[in-house]
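# Have a look; sequence and predicted model below, questions after that.
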Amino acid sequence: MNLSGAETTEDTFSGRSGSPLRSGMLRNIVHLSLGQVATTVLAVLLSAAIARTLGASEFGLLYLVTTIATFAYVFVDWGHAAYVTREIARHPARAGDLIGSVMAVRGATALIVSGPVVVTTWLLGYDLSTVLLTVTLIVAWIPGYLAMSYSWVFRGVERMDYDALINVVMKFCTLALSVAVLALGGRVLSLILLSVVNGFITLAVAVALYRRLQLPRPRMTTRAARELLYGGAPMLAMGVTVAVQPY
């Protein structure tokens, strides 16, 4: 019994209060669908703009380094998405510890995998320029991947509209700024470095939306970090298996 008559934190964030955070299933489906359509259209326009401006050679180089970086980020993801979403859905009051810890773990992992990427690409015979561009892209993606970590919180509390919004913001910023940079004569390196700007813009939006939900303040704890590494390991194994096959 709550003698003070106030709601507990768990009740507030689990949707048992008078102002529940959870939206209806149909509304969530609509938001995710619209977000997927919007991001797909923006991604197609971005690819077309970059390909027409860079030409076959440089576009191929950008595709190569993006492919290598994407594979490296399989280890950065570590299966956290499913685990964090599930835990926040079950215990919304843990959102602060989980989002703060997963961001710290993902940022550190991205820096750690940069070393093996350098060695692997060098052993595969790629030139120094390709190696450096690949590592630069991995580091440049960190702000954006930290921003996307918030999408798991939004899914956990069934705010798919916020999830869709940050994805659209990321794609739109990437398209708009890439077109501007290409118009000014930017090439592959400029587009890679642009990921830092896009990432921080999206991160700022994600943080603002998170605060709007009045969830616990993000904080990193060693216990939560260990839990994330252990809990995400099974999904990591599946992710690596799926990612290795096409290579």
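Good, I have the coordinates. Numbers count the residues shown, from 1 in each chain.
# OK, contacts around residue 226?
Taking C-beta atoms under 8 Å, 6 or more residues apart in numbering, we find residue 226 in contact with no residue. (Glycine included, C-beta is placed from N, CA and C.)
# Which strand or helix spans it?
Taking DSSP states H and E as the definition, residue 226 sits inside helix 222-244.
# so how far is that helix from its chain's centroid?
Chain-centre distance of helix 222-244: 15 Å, with C-alpha atoms, centre = their mean, to the nearest Å.
# buried ones in it?
Burial within helix 222-244, assessed by neighbour count using 16 or more other C-beta atoms under 10 Å, is assigned to 224, 225, 227, 228, 229, 231, 232, 235, 236, 239, 243.
# Then stretch 201-214?
Quick answer for stretch 201-214 (16+ other C-beta under 10 Å): 201, 202, 203, 205, 206, 209, 210.
# any idea what the last one is structurally, helix, strand or coil?
Here residue 210 is recorded as helix under DSSP: H, G, I helix; E, B strand; the rest coil.
# correct me, but it touches residue 99?
Yes - between residue 210 and residue 99 there is a contact at 7.4 Å, judged by C-beta atoms under 8 Å.
# joint contacts of these two?
Taking C-beta under 8 Å, 6+ apart as the criterion, residue 210 and residue 99 both touch 150, 153, 218.
# The last one contacts residue 102, doesn't it?
No - Residue 218 lies out of contact with residue 102 (C-beta under 8 Å); the separation is 9.3 Å.
# So these two - more neighbours on which side?
Here residue 218 and residue 102 are set side by side on neighbour count (other C-beta atoms under 10 Å), and the busier one is residue 102, at 27 against 21.
# The more buried one reaches residue 231, doesn't it?
No - assessed by C-beta under 8 Å, residue 102 is found out of contact with residue 231, at 10.5 Å.
# Please convert the buried residues of stretch 201-214 to CSV, extending it with secondary structure and distance to residue 158.
CSV is the format used below for these (DSSP: H, G, I helix; E, B strand; the rest coil; distance: C-beta to C-beta, whole Å):
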residue, secondary structure, distance to residue 158
201, helix, 25
202, helix, 21
203, helix, 22
205, helix, 19
206, helix, 17
209, helix, 14
210, helix, 14
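# now, which of those sits nearest residue 113?
Residue 113 lies nearest to residue 203 out of those, by C-beta to C-beta, at 20.3 Å.
# For residue 154, pull up the helix or strand it's in.
Short version, using DSSP H and E: residue 154 is in helix 142-156.
# per-residue confidence for the closest residue in space to residue 107 that isn't next to it in sequence?
Nearest non-adjacent residue to residue 107, counting by C-beta to C-beta, 6 or more residues apart in numbering: residue 142, 5.7 Å away. Here the pLDDT value assigned to residue 142 is 96.
# does residue 142 really touch residue 108, like I thought?
No - if you go by C-beta under 8 Å, residue 142 and residue 108 don't touch, sitting 9.9 Å apart.
# quick one: which of those two has more around it?
residue 142 (22 against 13).
# List the contacts of the more buried one.
106, 107, 110, 111, 199.
# Hmm, residue 130 is touching residue 61, no?
Yes - counting by C-beta under 8 Å, residue 61 is a contact partner of residue 130 at 6.9 Å.
# what's the offset of the longest helix seen in the chain from the middle of its chain?
Of all the segments assigned as helix in the chain under DSSP state H, the longest by residue count is helix 25-77. Its chain's C-alpha centre lies 13 Å from the corresponding centre of helix 25-77 when counted by C-alpha atoms, centre = their mean.
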